[in-house]
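>>> starting from these lines, generate the structure:
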Amino acid sequence: MRRRPVFRTIAFYSLAILLIFATAGGAWAQESRAVTAASYVDRGRLWLMKGDLERANTDFNLAIVTDPGSASAYYNRGLVRYFKKELDAAFSDFSLAIDLNPRLAEAWANRGAIRYARADLESAINDATKAIELNPKLSIAWSNRGVARRDKGELEGAIADFDQAIKLESRTAALYVHRGGTFFLIGDLTKAQADFTSALKYDPQLAEAWCDRGVARHAGDDLDGALGDYEQAIKLKPQLAKAWLNRGLARLEKGNKEEADNDFAEALKLKPELKNVVEQMIQNTKTPDE
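Model prediction:
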C-alpha cells in the first residue's frame, strides 16, 4: 500500500507589519519632547516601509532617547529588530510597548509570534487572544492564534480562527494555505484542495501553495495532478526542497526510479537534513519482495 507523502504546512507565520503613526491629539502631543519623538517615529516608519532598516532603527532610537515613554517607538523598533532576526531584542521591545500602552493590539500579536517561534504555544495563544480582545478586526491575530492552535493539536479551533481571519481578509493567499493545511491534517482532502486552489487564485506565483495542493492530490491518489502541481512549484521556486522531495516520491510510485532518484538528490542538496526522510520514503514504497 502506498503511504502518504511528507506534508509540511507552509511557514507563513510572521509578524504583523502594522506600522503605527506616532502623532496623537490632546495634551500628550502638545509636549515638545513627545512631538519631536513622534516626528522621529514617523520618519523611521517611512524608512521601514522602504526597507531601509538601518535608517529606520536610527530614527526609532532617537525617538526613544527623546521620549522613553513612546510605545510606538518601541513597537516599530521591535519590527526592525525582528526583520534583522534579533528575536530576543524584538521581544523585549514589544513587551516594553505593551507595558507603556497595554491596549496596543499589534504589539500583543507580534509578541505572540515570537513566543511561537520559541515553541511556547500556550503563551503565543494567550498573546494572540489578548490582541483579538483589543481589536477583533486584526486578522493577523486570528491567523497567528490559528497557527499556534494547529501546532498544539487543536485543529477545530484552528480552523475557526482561520475562518475568521479569511472573513476579514478574503484575498490573502496565506490564510487559505494555513486553513488548507489544517483540513489536510484532519483528513478532509476535498476542503484542503479547495483552499489551496483559492490561495492560487489570489497568488498564482505562490510555489508553496502549488506544492501543498500537489500533496493533497497525491494523498487522494491523483498522481498526475500532483506531479503537475509539484512541477509548477519547482518552476516558480527551484529552492523549495519539499517540492523536489514529493515529486520524487510521486515519480517513484509511477515506477520512474531514475527520475525519482534525481529529485531526491536535488532535495538533499537543498536540505541535507532530509536524508532520513528520503530513506524512509523509499523504504515505504518498496514491495515485500524487494
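>>> right, and the helix or strand after the least confident helix or strand in the chain by mean pLDDT?
Of all the helices and strands that make up the chain, the one with the lowest confidence by mean pLDDT, DSSP states H and E is helix 27-30; it has a mean of 42. Proceeding C-terminally, helix 27-30 gives way to helix 32-49 as the next helix or strand, assigned by DSSP states H and E.
>>> packing partners of that following helix?
For helix 32-49, the contact count by 3 or more C-beta pairs under 8 Å, 6 or more residues apart in numbering; DSSP states H and E identifies helix 27-30, helix 53-66, helix 71-83 as packing neighbours. Placement of C-beta: from N, CA and C, glycine included.
>>> buried residues, whichever helix or strand Arg217 is part of. List them.
Counting by DSSP H and E, the element that carries Arg217 is helix 207-219. With burial defined by 16 or more other C-beta atoms under 10 Å, the residues of helix 207-219 counted as buried are 207-219.
>>> report the separation between Arg247 and Val215.
When C-beta to C-beta, to the nearest Å is the yardstick, Arg247 and Val215 sit 11 Å from each other.
>>> ignore what I typed, I meant Lys271.
The spacing between Lys271 and Val215, counted by C-beta to C-beta, is 16 Å.
>>> next: Lys85.
Per C-beta to C-beta, Lys85 is found 29 Å from Val215.
>>> repeat that for Gly44.
Gly44 sits 41 Å away from Val215 when distances are taken as C-beta to C-beta.
>>> out of the helices and strands packed on helix 32-49, which is the most enclosed?
helix 71-83 (a mean of 25; mean count of other C-beta atoms under 10 Å).
>>> quick check, distance from that one to the centre of its chain.
Using C-alpha atoms, centre = their mean, to the nearest Å, the distance from the centre of helix 71-83 to the centre of the chain it belongs to is 19 Å.
>>> chain center to the helix or strand that that helix is followed by: distance?
Downstream of helix 71-83, the first helix or strand assigned by DSSP H and E is helix 87-100. The gap between where helix 87-100 is centred and where its chain is centred comes out at 20 Å by C-alpha atoms, centre = their mean.
>>> and helix 87-100 with helix 71-83, angle?
Calculated by axes from the mean of the first three to the mean of the last three C-alpha atoms, to 10 degrees, helix 87-100 forms an angle of 160 degrees with helix 71-83.
>>> which positions in helix 87-100 come out as buried?
Counting neighbours by 16+ other C-beta under 10 Å, helix 87-100 gives 87, 90-98, 100 as buried.
>>> can you check stretch 168-175 too?
Within stretch 168-175, the residues scored as buried using 16+ other C-beta under 10 Å are 168, 172-175.
>>> out of those residues, the closest to Gly225 would be?
Using C-beta to C-beta, Ala173 is the member of the buried residues of stretch 168-175 that sits closest to Gly225, with 19.7 Å.
>>> I'd say the closest one and Thr197 touch.
No. Contact criterion C-beta atoms under 8 Å: Ala173 and Thr197 do not qualify, at 10.7 Å.
>>> how many residues are close by Pro272?
For Pro272, the number of neighbouring residues by other C-beta atoms under 10 Å comes to 9.
>>> mind checking how far it is from Ala265?
In this structure, Pro272 and Ala265 are separated by 11 Å, where distance is defined by C-beta to C-beta.
>>> same question for Ser198.
In terms of C-beta to C-beta, Ser198 sits 34 Å off from Ala265.
>>> looking at the two, which is more packed in?
Taking neighbours as other C-beta under 10 Å, Ser198 and Ala265 compare with Ser198 leading, 19 against 13.
>>> in which helix or strand does the closest residue to Asn144 other than its chain neighbours reside?
Counting by C-beta to C-beta, 6 or more residues apart in numbering, Asn144 lies nearest to Ala128, which is 4.6 Å off, once chain neighbours are set aside. Ala128 belongs to helix 121-134 when elements are defined using DSSP H and E.
>>> no more questions from me, cheers.
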